[in-house]
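J.: A structural model of the following input is requested.
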Amino acid sequence: MKGFEVKRSILHKSLSHIFFDFAPQMMLPAHLGSSFWVHIASAALFIIGFCLAFRKAAWRLRGLVRIVAYGPVFFAVPLAVFGLQHFVLFNTVKLAVPDWMPGRFFWVLIVGAALIATCLSFLADIKAGLAALLVGIMLFLFVLLIYVPNLLENPHDRFALTMPLRDLALCGGALAYAGALEAVGRHRPVRRLVEILGEPFFPTSISFMLSTYSI
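T.: Numbers count the residues shown, from 1 in each chain. Purely as a prediction, here's the structure:
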């Protein structure tokens, strides 16, 4: 009986490995692995984003205020670049996922798709507030689950400090944007989250991140 249970456990682990680890790699085209298409896609997204921003509001503004209308474009396109890297550089990005997470290779594709979807939501202004809120929470979870444990293991590595600060800055920017779009509504816990993690995290994280490069 024990032998049967052991064999069933091994079979379950093998099937999990095939579905969560091997299957995502089979879905990716064999020619991926170059950043060429990332550059092409990012340039196309910038052009589309600028056109949409100009059509929506920028043409009505004058002077330096017009730059504000393009703000979401500059925030959104880098998110798409990060998301595309999850697919193009799959074999590199998957190493950043902790070993203890089930189906850790599968998460690379899910997160990549979520970042690309967030970019498109910002550019098209479709549910942009909700997308900003969700991606802000996702980035904060990255810091807690991935970067903080890595920092504790490598306290003297400045890159181990830079990475969580980068994601905290992006998290703060996303939550501040969600607050500006009033995506939190009347939900008091969510509003408090935006107030605590939004505007303070963005400038503070960038300041500390810049100080790490000056060391």
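J.: Quick check: the gap between the closest residue to residue 49 other than its chain neighbours and residue 107.
T.: Nearest non-adjacent residue to residue 49, counting by C-beta to C-beta, 6 or more residues apart in numbering: residue 73, 3.6 Å away. Heads up, the C-betas are built off the backbone N, CA and C, glycines and all. Note on residue 73: its distance to residue 107, by C-beta to C-beta, to the nearest Å, is 28 Å.
J.: which of these two has more neighbours?
T.: It is residue 73, of residue 73 and residue 107, that has more neighbours when counted by other C-beta atoms under 10 Å, with 22 against 18.
J.: For that one, give me its contacts.
T.: If a contact means C-beta atoms under 8 Å, 6 or more residues apart in numbering, then residue 73 has 46, 49, 50, 53, 122, 123 as its contacts.
J.: now do 7 Å
T.: Counting by C-beta atoms under 7 Å, 6 or more residues apart in numbering, residue 73 touches 46, 49, 50, 53, 123.
J.: swap in residue 163?
T.: residue 147.
J.: hmm, who's touching stretch 106-118?
T.: Here stretch 106-118 has contacts from 20, 24, 79-80, 82-84, 86-87, 90, 93-94, 97, 101, 131, 135, 138, using C-beta under 7 Å, 6+ apart.
J.: Skip ahead from the helix or strand encompassing residue 76 and say which helix or strand is next.
T.: Under the criterion of DSSP states H and E, residue 76 resides in helix 71-88. Counting by DSSP H and E, the next helix or strand C-terminal to helix 71-88 is helix 90-93.
J.: If you count neighbours, what's buried in that following helix?
T.: For helix 90-93, a neighbour-count test (16 or more other C-beta atoms under 10 Å) marks 90, 93 as buried.
J.: Same question for stretch 100-110.
T.: 103, 104, 105, 106, 107, 108, 109.
J.: re the thing from before, what's the distance between the residue nearest to residue 49 and residue 35?
T.: 21 Å.
J.: For the protein, name the helix or strand with the lowest mean pLDDT.
T.: helix 2-17 (a mean of 45; mean pLDDT, DSSP states H and E).
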